[in-house]
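In: Below are the sequence and a predicted model; questions follow.
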Amino acid sequence: MIKDAKDLSSEQKAAIESLLGRRVLENESVSVRTFEPMPISRERRQHIADELRTLFAEVEANRQGVSDEEAESIMTEAMRTTRPGYTPR
């Protein structure tokens with residue numbers, strides 16, 4: 001289901017803004033979709049989390065000559081290339 005923001009009731013707009021954590025602009029469209037998550041065992045979830053922690057630790061260990069602020073700026077720029085409306089919290 002896709003709706004133009006200008007056609008939403010005030011209650012619908014408020015609910016969507018609450019979920020998004022930002023205002024919905026009048027020229028935007030809103031898409032709502034539900035899905036059932038793929039079942040995943042607790043053990044598999046833990047294994048994936050452990051692998052990600054290892055990967056992030058390796059990336060952090062290899063980060064040379066970049067301040068925390070510069071790294072944050074790089075991440076924000078990368079997010080904005082894939083999500084133009086992205087705003088860091």
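Out: Everything's here; your move.
In: the longest helix in this protein is where?
Out: Determined from DSSP state H, the single longest helix within the chain is helix 42-62.
In: what packs against it?
Out: Judged by 3 or more Cβ pairs under 8 Å, 6 or more residues apart in numbering; DSSP states H and E, helix 42-62 is in contact with no other helix or strand. C-betas here are computed from N, CA, C, even on glycine.
In: what's downstream of that helix, the next helix or strand?
Out: Sequence order places helix 68-82 as the next helix or strand after helix 42-62, per DSSP states H and E.
In: lowest-pLDDT helix or strand in the protein?
Out: Comparing every helix and strand of the chain by mean pLDDT, DSSP states H and E singles out helix 68-82 as the least confident one, with a mean of 87.
In: mind checking how far I40 is from L55?
Out: Separation of I40 from L55 (Cβ to Cβ, to the nearest Å): 18 Å.
In: actually A5, sorry about that
Out: A5 sits 38 Å away from L55, going by Cβ to Cβ.
In: If you count surrounding residues, which of those two has more?
Out: It is A5, of A5 and L55, that has more neighbours when counted by other Cβ atoms under 10 Å, with 17 against 10.
In: ok, now which ones touch that one?
Out: Listed by Cβ atoms under 8 Å, 6 or more residues apart in numbering, the contact partners of A5 are 13, 24-30.
In: Mind putting the residues you listed into TSV with secondary structure?
Out: Output for the contacts of A5, formatted as TSV (DSSP: H, G, I helix; E, B strand; the rest coil):
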residue	secondary structure
K13	helix
V24	coil
L25	coil
E26	coil
N27	coil
E28	coil
S29	strand
V30	strand
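In: Pick out whichever of those residues sits closest to R83.
Out: When those are compared for distance to R83 (Cβ to Cβ), E28 wins out at 13.1 Å.
In: What is the neighbour count of the closest one?
Out: For E28, the neighbour count with other Cβ under 10 Å is 13.
In: excluding its backbone neighbours, what's nearest it?
Out: Nearest-residue entry for E28: A5, 4.7 Å, with adjacent residues in sequence omitted and distances by Cβ to Cβ, 6 or more residues apart in numbering.
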